[in-house]
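S.K.: sharing a model that was predicted from the sequence below.
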Amino acid sequence: MTDDRGAGRRSSTATLDQARDDARGRADTAVEAMPYLPPSASPYAPAGVDPSTLVWAETVAGPGYSHMTVARGTRIRLEDVAGDACAHVVVLSALNPGERLNVADTQKIPWQAYLGAGHPLLSGDGRVLATVVADAAGGHHDAFCGVTTLAGNIERYGAGAAHTATAAGRELLVLAAAKEGLTPRDLPPSVSFFKGVRVAADGALEWTGDGGAGASVDLVAEMPLTVLVANAAHPLDPAEGYRTGPLRVHAWAAAASSPSDPWWTATPERTRAYLNTDQHLLARGIR
Amino acid sequence: MTVTWATHEADYFDRSTAYLPGATVLDHEIAPREGWSGVVRAGHVLTLVDVGGNQSGDCLIYDAADHEVRYSAQATLVAQRHAYLVDGSVLLSNEGDPLMTIVGNEVDRQDTIGGACSKESNTLRYGHHTLFHHACRENFLLEGAKHGLGPRDLVSNINWFMNVPVEADGTLGIVDGMSAPGKRVALRAERDVLVVLSNCPQVNNPCNDFNPTPLRVIVTDPAVEA
């Protein structure tokens, strides 16, 4: 959790004048985890991206959460600043929240359990919600384990509530969902970026570690998309204590996938998923 | 164009018996391609019989008193640190609470990775000509609607008697099953649970040996003599 040294009593607040001055005097404090507004003013704008195209710029505390509804064609970069973040992500159609990430289809339909560049994040409705278009984390991701629970974190760390330093991922996703008008019903299984798990030959789930400081993934929203992110320790992280760190988010106006992108034609299943998605949006007049 | 074939009766069928002794609370045969749902009381044992062999039974579980508390494949796999369900696996909720425990299992391993088939995903997997084939998601939605459940309540499910290996490079998919006529799995309810089952209608992959057959559901109360 970011240590905000500007918080707490700083001066007399006995009168309204004093209280107002004190409140206003707290602004312009820079801490590690905060949003950057306007997004074009982000001190961490990604290289090669025109800052004027940024629509979302933020450093999410570890533990912490964020959420945003973005337009089709938005490219979202998640960065594990120090190598200790884990981004648990749920994506839902902003047109119909009943259409949301389906982890089983995301693994089954590409015949591939492990997330990497070009992997589609599929809904249960035969469409692509988002595509992992770049992976600079060496495939250290996981679609098997999901998030920790309040009960589990109380048992392992002594606390798991959302506002504690050992917050459970599920508690954070419940809050992120609520801010988007959603409820716990709207939380399907999630995917996790920056911490890797593999299935051994005997079926055991094996920890493969992280992508290191500065690891990043880029997602492209293939339809109007609600993105929920919990930055919280991975449930299988073998670290002695609760491992977490800052997660940086930048998103900018780009383009949805097209037939010229290699992942569109990578497998026949994916081609049909993009065709279904395009037709769904075509009928609604969304380009 | 609707594909409807299924085998309702054959000389190789084995309807078996309840896995554990106890008074019979319910005994129901789910016809091929159909859904079923019901509340199983805490302590009662649900035996699912693979009557015709290699017939996938797609399964979702909810806390009967609070449907927001539902089966979580991810929490279940994390707790056992293993990708398959076996004898003794505890089926956990999204809050990490035990919903049911596998107290008997007559196939090597059970799947909870592969998810349910749907009309829509069939179009991705097999082509757009399969959009009108019946699918588990249809059964889940129809059975769920009886209990106030809808698309927002569908999560990664269990596929009893289905075989989904994961290879070293991450390749995963449905291959020929390891079950046989009369094989059973038995689940003890750890609280009152709503169980929703789809007797899988899929005829485009080997999850039902390309031939949907019946599943028998027997619920027994081990605390009461038969």
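M.R.: In hand now; what should we look at?

S.K.: make it CA atoms for all contacts and neighbour counts henceforth
M.R.: Will do.

S.K.: what does the stretch 51-200 of chain A have sitting close to chain B?
M.R.: Taking C-alpha under 8 Å from any C-alpha of the partner chain, the part of the stretch 51-200 of chain A that reaches chain B is made up of A:97-99, A:102-105, A:107-109, A:111-114, A:124-126, A:144-152, A:184-186, A:188-189, A:198-200.

S.K.: are any of those residues buried, and which?
M.R.: Neighbour counting by 16 or more other C-alpha atoms under 10 Å in any protein chain shown classes A:97-99, A:102-105, A:107-109, A:111-114, A:124-126, A:144-152, A:184-186, A:188-189, A:198-199 among those as buried.

S.K.: of those residues, which belong to strands?
M.R.: With DSSP state E as the criterion, strands contain A:198-199 from among these.

S.K.: is the residue nearest the centre of chain A in a helix, a strand, or coil?
M.R.: Centroid-nearest residue in chain A, with C-alpha atoms, centre = their mean: A:Val229, separated by 3.6 Å. Recorded secondary structure, A:Val229: strand (DSSP: H, G, I helix; E, B strand; the rest coil).

S.K.: is it true that A:Ala168 touches A:Gly160?
M.R.: Yes: using C-alpha atoms under 8 Å, A:Ala168 makes contact with A:Gly160 at a distance of 4.9 Å.

S.K.: anything in contact with each of those two?
M.R.: A:149-150, A:152-153 (C-alpha atoms under 8 Å, 6 or more residues apart in numbering or on different chains).

S.K.: got CSV for the residues you listed, with pLDDT too?
M.R.: Conversion of the shared contacts of A:Ala168 and A:Gly160 to CSV gives the following (pLDDT from 0 to 100):
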residue, pLDDT
A:Thr149, 98
A:Leu150, 98
A:Gly152, 97
A:Asn153, 98
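
S.K.: out of these, which one sits closest to chain B?
M.R.: Chain B lies nearest to A:Thr149 out of the shared contacts of A:Ala168 and A:Gly160, by C-alpha to the nearest C-alpha, at 5.6 Å.

S.K.: that closest one and A:Thr166 touch, don't they?
M.R.: No: contact criterion C-alpha under 8 Å: A:Thr149 and A:Thr166 do not qualify, at 10.8 Å.

S.K.: give me every residue that touches B:Asn205.
M.R.: B:174-175.

S.K.: now A:Ala162
M.R.: Shown in contact with A:Ala162 (C-alpha under 8 Å, 6+ apart): A:64, A:168, A:171-172.

S.K.: ok, A:Ala168 and A:Gly160, which is more surrounded?
M.R.: Taking other C-alpha atoms under 10 Å in any protein chain shown, A:Ala168 and A:Gly160 do not tie; A:Ala168 has more neighbours (31 against 24).

S.K.: listing partners with orientation, what would you give for the top strand by length along chain A?
M.R.: Criterion DSSP E: the longest strand present in chain A is strand A:128-136. In the sheet, strand A:128-136 lines up against strand A:120-122 (antiparallel), strand A:215-221 (antiparallel) (DSSP bridges).

S.K.: so of those strands, which one's packed in deepest?
M.R.: Among the strands paired with strand A:128-136, strand A:120-122 has the highest mean neighbour count (mean count of other C-alpha atoms under 10 Å in any protein chain shown), at a mean of 28.

S.K.: residues from chain B in reach of chain A?
M.R.: B:68, B:72-75, B:77-78, B:81-84, B:94-96, B:113-116, B:118, B:120-127, B:151-156, B:166-168, B:170-173.

S.K.: quick one, helices of chain B?
M.R.: B:73-80, B:119-126, B:136-145 (DSSP state H).

S.K.: what's in contact with the first one?
M.R.: Taking C-alpha under 8 Å, 6+ apart as the criterion, the residues outside helix B:73-80 that touch it are A:144-148, A:189, A:205, A:235-236, B:83-84, B:89-94, B:96, B:112-113, B:156-158.

S.K.: out of these, which sit inside strands?
M.R.: If you go by DSSP E, the contacts of helix B:73-80 have A:205, B:90-92, B:158 in strands.

S.K.: buried ones from the residues you listed, can you make that a PyMOL selection?
M.R.: Buried members of the ones in strands among the contacts of helix B:73-80, identified by 16+ other C-alpha under 10 Å, are gathered into one PyMOL selection as follows:
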select buried, (chain A and resi 205) or (chain B and resi 90+91+92+158)
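
S.K.: let's have the ones in strands among the contacts of helix B:73-80 in JSON lines, adding distance to A:His280.
M.R.: As requested, those are exported to JSON lines (distance: C-alpha to C-alpha, whole Å):
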{"residue": "A:Leu205", "distance to A:His280": "37"}
{"residue": "B:Val90", "distance to A:His280": "40"}
{"residue": "B:Leu91", "distance to A:His280": "36"}
{"residue": "B:Leu92", "distance to A:His280": "35"}
{"residue": "B:Ile158", "distance to A:His280": "29"}
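
S.K.: possible to save the ones in strands among the contacts of helix B:73-80 as TSV with pLDDT?
M.R.: Formatted as TSV, the ones in strands among the contacts of helix B:73-80 follow (pLDDT from 0 to 100):
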residue	pLDDT
A:Leu205	98
B:Val90	98
B:Leu91	98
B:Leu92	98
B:Ile158	98
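
S.K.: tell me which of the ones in strands among the contacts of helix B:73-80 is nearest to A:Thr15?
M.R.: B:Leu92 (54.1 Å; C-alpha to C-alpha).

S.K.: I'd like to know how far that closest one sits from chain A.
M.R.: 11 Å (C-alpha to the nearest C-alpha, to the nearest Å).

S.K.: quick one: contacts for the closest residue to that residue other than its chain neighbours?
M.R.: Spatial nearest neighbour of B:Leu92, chain neighbours left out: B:Pro98 (4.5 Å); criterion: C-alpha to C-alpha, 6 or more residues apart in numbering or on different chains. Each residue near B:Pro98 by C-alpha under 8 Å, 6+ apart is listed here: B:90-92, B:190-191.

S.K.: kindly recompute the last result at 7 Å.
M.R.: For B:Pro98, the contacting residues are B:90-92, B:190, by C-alpha atoms under 7 Å, 6 or more residues apart in numbering or on different chains.

S.K.: of those residues, closest to B:Pro32?
M.R.: Nearest member of those to B:Pro32, counting by C-alpha to C-alpha, is B:Leu91, at 25.4 Å.

S.K.: bridged to the closest one, which residues?
M.R.: Under the criterion used (DSSP bridges), B:Leu91 bridges to B:Met100.

S.K.: hang on, isn't it packed against B:Thr101?
M.R.: Yes: proximity of B:Leu91 to B:Thr101 meets the contact threshold set by C-alpha atoms under 7 Å, at 5.8 Å.

S.K.: where does the stretch 51-200 of chain A dip in pLDDT?
M.R.: Scanning the stretch 51-200 of chain A for pLDDT under 70 picks out nothing.

S.K.: quickly list what A:Ile76 is bridged to.
M.R.: Beta-bridge partners of A:Ile76, counted by DSSP bridges, are A:Leu219, A:Ala251.

S.K.: contacts only, for it.
M.R.: Counting by C-alpha under 7 Å, 6+ apart, A:Ile76 has contacts A:218-220, A:250-252.

S.K.: at 8 Å what do you get?
M.R.: A:Ile76 touches A:218-221, A:249-252, counting by C-alpha under 8 Å, 6+ apart.

S.K.: what of B:Glu34?
M.R.: B:139, B:198-201.

S.K.: let me know the closest of those residues to chain A.
M.R.: Nearest to chain A among the contacts of B:Glu34: B:Asn139, at 14.2 Å, using C-alpha to the nearest C-alpha.

S.K.: what is the neighbour count of that closest one?
M.R.: B:Asn139: 24 neighbours (other C-alpha under 10 Å).

S.K.: for B:Ala189, list the residues it contacts.
M.R.: Counted by C-alpha under 8 Å, 6+ apart, B:Ala189 has contacts B:40-46, B:99-101.

S.K.: does the closest residue to B:Gly127 other than its chain neighbours count as helix, strand or coil?
M.R.: Spatially, and ignoring its direct neighbours in sequence, B:Gly127 is nearest to A:Arg272 (7.7 Å; C-alpha to C-alpha, 6+ apart). Classification of A:Arg272 using three-state DSSP returns helix.
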